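> Give the three-dimensional model of this entry:
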Amino acid sequence: MKRKHGGEWPFHLMLIPGVVLVFVYSYVPMAGIVMAFKRLAPSKGMFGSPWVGWRNFEYMLHMPEISGVLWNTVFIAVMKMAAGVVVPVTFALMLNEARSRLFKRSVQTIIYFPHFLSWIILSGLLIDILSPSTGIVNELLRGLGMKEIYFLGDPGWFPYTMALSDTWKEFGYGTIVYLAALTGINPALYEAAALDGAGRLRQTLYVTLPGLLPMIILMSVLSLGNVLNAGFEQIFNLYSPQVYKTGDIIDTLVFRIGLENANYGVATAVGLFKSVVSFGLIGASYVLAYGWANYRIF
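Okay, the predicted model is just below:
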């Protein structure tokens, strides 16, 4: 036993750089939480500024835009979560029916590629593609006799554009997850269903989908922690003042209050509020994942 554990020390040493990075960039900055309870004076510093108690939180709750920002955040995030389950599952089922191994591998690579691109790159592509004057999408609409659509400038279209573009970027990753889950379904179940006269559709409905259900439940439940994460990088690079009404989310509000208006105390209070709620949702998601999908971390 002693020899067995003694041979693991190289693996523990390999963890040290990662642990140090997490500590420096994730735990040390948590000292800044005190700004949520202070009126920050740059001349006095973070710890020398006067305490104001809950005043920053009271100011946050009385901000006229806070209710709209919360609604936008939840609405966009829920759309992304729903599409992030439905689209990958559907695509995985379709790919699973393909018989050509080369075709399946090629499609997986193509749809997985956008996952590795940053929103800086993709936002530039989307701005060009969705441009109302020169974008290929609006050129196609005009060719069909329809009016152009301001996907990134119309408050009515903006949230749905965010959900669709995020799904396009990430569904390849989800598809691979569900394809991996499909390999765990016992082939004997398909053989038994075929002997009973079930065609491909019925096999999908009564064998494939029930086999995928635990993974679908697990991925859906674990995504609950992202209800207040609507995607700062994406929205920050694509939104503009004319879509604040439906596109402004908690993270972009924190950015404007803190870095543009230099109101660091209120910005920290809003960010802390989001973090506390998200922490509770993540905890609840793991409890539900253990109860529904028998998934546990420890």
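> rest of the way, CA atoms for contacts and neighbours
OK.
> quick check: mean pLDDT across the top helix by length along the chain?
Longest helix in the chain by number of residues, with DSSP state H as the criterion: helix 66-97. Across helix 66-97, pLDDT averages out at 90.
> Quick check, residue 263 in contact with residue 254.
No. The criterion here is CA atoms under 8 Å, and residue 263 misses it with residue 254 at 9.4 Å.
> Of those two, which one has the most company?
A side-by-side neighbour count of residue 263 and residue 254, using other CA atoms under 10 Å, places residue 254 first with 20 against 17.
> ok now do the more buried one, which residues does it touch?
For residue 254, the contacting residues are 267-268, 270-271, by CA atoms under 8 Å, 6 or more residues apart in numbering.
> for residue 135, same thing?
By CA under 8 Å, 6+ apart, the neighbours of residue 135 are 127-129.
> now swap in residue 252 and tell me
By CA under 8 Å, 6+ apart, the contact set of residue 252 is 232, 235-236.
> For it, pull up the helix or strand it's in.
helix 250-255 (DSSP states H and E).
> what pLDDT, on average, does that helix get?
89.
> That helix: what's the following helix or strand?
Where DSSP H and E defines the elements, the next helix or strand beyond helix 250-255 is helix 264-293.
> and that following helix, what does it pack onto?
If you count contacts as 3 or more CA pairs under 8 Å, 6 or more residues apart in numbering; DSSP states H and E, helix 264-293 packs onto helix 55-61, helix 209-222, helix 250-255.
> Distance from the shortest one to the middle of the chain?
It stands for helix 250-255. Taking CA atoms, centre = their mean, to the nearest Å, one finds the center of helix 250-255 at 16 Å from the center of the full chain.
> follow-up on the earlier one: make CSV out of the helices and strands packed on helix 264-293 and add distance to residue 173.
Shown next, in CSV, are the helices and strands packed on helix 264-293 (distance: least, CA to CA, whole Å):
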stretch, distance to residue 173
helix 55-61, 37
helix 209-222, 12
helix 250-255, 24
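> averaging pLDDT over each of those helices, which comes out lowest?
Of all the helices and strands packed on helix 264-293, helix 209-222 has the smallest average pLDDT, which comes to a mean of 83.
> how far off helix 66-97 does it point, in degrees?
Interaxial angle, helix 209-222 versus helix 66-97 (axes from the mean of the first three to the mean of the last three CA atoms, to 10 degrees): 150 degrees.
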